[in-house]
Structures are given as structure tokens and as C-alpha cells.
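>>> got a sequence here, can you model it:
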Amino acid sequence: MRPIRLSALLLLLPLLAACAAGSGEGPAALDGTDARAADGGGAQAGVGAPAGTVEERALAAPEPGTQEDLEVNVGDRVFFAFDSAALDEKARAVLDRQAAWLLRYPHVTVTVEGHADERGTREYNLALGERRAQAVKDYLVAKGVAPDRILTISYGEERPVDPGHNEAAWALNRRAVTVVNVTQ
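Numbering: from 1, shown residues only. You can find the predicted model right below:
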């Protein structure tokens, strides 16, 4: 009886390995990007490279200059400390990539949405969200992006990305998100 179970297990191992290797799931970084592509260079040939032909991968790539392109290849959001609109080193690195992307696509305009966590009054959080959005705009303008290409808006605490009531949720909600404006 034991040899049959061992044989069945040996037959299932390759299937389990294939499922685990092809799941596509991986760790996500706090800024919403895939941690495997955090270097911004995309997948390299070999381990971790996407399956399919070059043509299939090209078809799956986001269209340049779109919201999806910004999210996937650059990063569309930065995070803030509690009660702060100061940009830390990680935020500045994301904004450096955003500025380069915006300079590469001069026809693109964006809106920077400022957000806050649920702590504080509605009015205070709207003002804090506006300071965060303005800090992002000021940084991008300092990097050479024309100010008339960047709008700002504050949503305060009204649009949480995580509805939780703890520090982990609040940390995700203290953010500024760059959104590509769609023109018709």
C-alpha cells in the first residue's frame, strides 16, 4: 500500500511545482508596484521572465503614455507620514520617475489627488490632502514639468484605498496619486 501512495505523490509533485511557478503572484510593494519589478527595468530573460513570445509580451504591454503605463512602469502614488505633506526619499524617487515619464510624453496632462487618513476633521483632512497634492506638483514642476500640465485636487479622507481603522490602513490612505487626464 505504501508504494502506491509514494508513486501518487511523486506524480503530483511536478504538477504542484508547475502551478506554483506559473501563478504570477508575487509580493507587492507598499507603493502598489510589483516588488519583482521595483528596479524599473522590467523582467529580464530567465527566471521570473514572463511566458510567451516576444510578440505576445509586446501585445500585453501597456500603451505608452497611458495611466496603465504610468502605474506599471513608473508608479502612480507616493505616501506620507502622519500629519505631514513632506516628501521622503522614497516619494522623491517615485516622483523623479514620474517627472521623466511626463517629460517623455509632453502631450499628457495629469491630476494629482491628495488624500488623508480618517483621523482629524473633514476640513483639516481636505486641507492636508491639498498640501500633499501641491507638494507633488511643486516637485514635478521643479524637475521641469510645465505647471499647466498638472492639476491638483484634494479628497481628504473621502476616498480611502483601505477602509480599515488601524495604522496599516491609515498608512495606505496618506497618499498622493497621479492620474492621467483623458482627453477626447
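
>>> could I get the full set of helices for this structure?
2-21, 54-60, 67-73, 89-104, 122-142, 167-173 (DSSP state H).

>>> distance of the residue lying closest to residue 92 once chain neighbours are set aside relative to residue 152?
Closest residue to residue 92 apart from its sequence neighbours, by CB to CB, 6 or more residues apart in numbering: residue 139 at 6.9 Å. C-beta here means a position set from N, CA and C on the backbone, and glycine is covered the same way. Separation of residue 139 from residue 152 (CB to CB, to the nearest Å): 12 Å.

>>> mind listing what the residue nearest to residue 92 touches?
By CB atoms under 8 Å, 6 or more residues apart in numbering, the contact list for residue 139 reads 87, 92, 95, 99.

>>> going by distance to residue 156, which of these wins?
Checking the contacts of residue 139 against residue 156 by CB to CB gives residue 87 as the nearest, at 19.1 Å.

>>> now that closest one: phi and psi?
phi -90, psi 120 (degrees, to the nearest 10).

>>> mind checking pLDDT for it?
Turning to residue 87, the model gives it a pLDDT of 98.

>>> now residue 90
98.

>>> how many neighbours does it have?
14 (other CB atoms under 10 Å).

>>> give me the distance between it and residue 127.
24 Å.

>>> and what of residue 89?
Distance from residue 89 to residue 127, by CB to CB: 25 Å.

>>> ok, now residue 92?
23 Å.

>>> on that earlier part again, can you tell me which of the contacts of residue 139 are buried?
With neighbours counted by 16 or more other CB atoms under 10 Å, these contain buried members at 87, 95, 99.

>>> how about the contacts made by the last one?
Each residue near residue 99 by CB under 8 Å, 6+ apart is listed here: 139-140, 143-145.

>>> okay, now the unreliable bits of this protein?
Residue ranges of the chain with pLDDT under 70: 1-59, 184.

>>> was I right about residue 165 contacting residue 117?
No - using CB atoms under 8 Å, residue 165 makes no contact with residue 117, being 9.5 Å away.

>>> so which of those two has more stuff around it?
Higher neighbour count among residue 165 and residue 117: residue 117, with 24 against 11, using other CB under 10 Å.

>>> circling back: next, format the contacts of residue 139 as JSON lines and append distance to residue 108.
Output for the contacts of residue 139, formatted as JSON lines (distance: CB to CB, whole Å):
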{"residue": "87", "distance to residue 108": "21"}
{"residue": "92", "distance to residue 108": "21"}
{"residue": "95", "distance to residue 108": "15"}
{"residue": "99", "distance to residue 108": "12"}
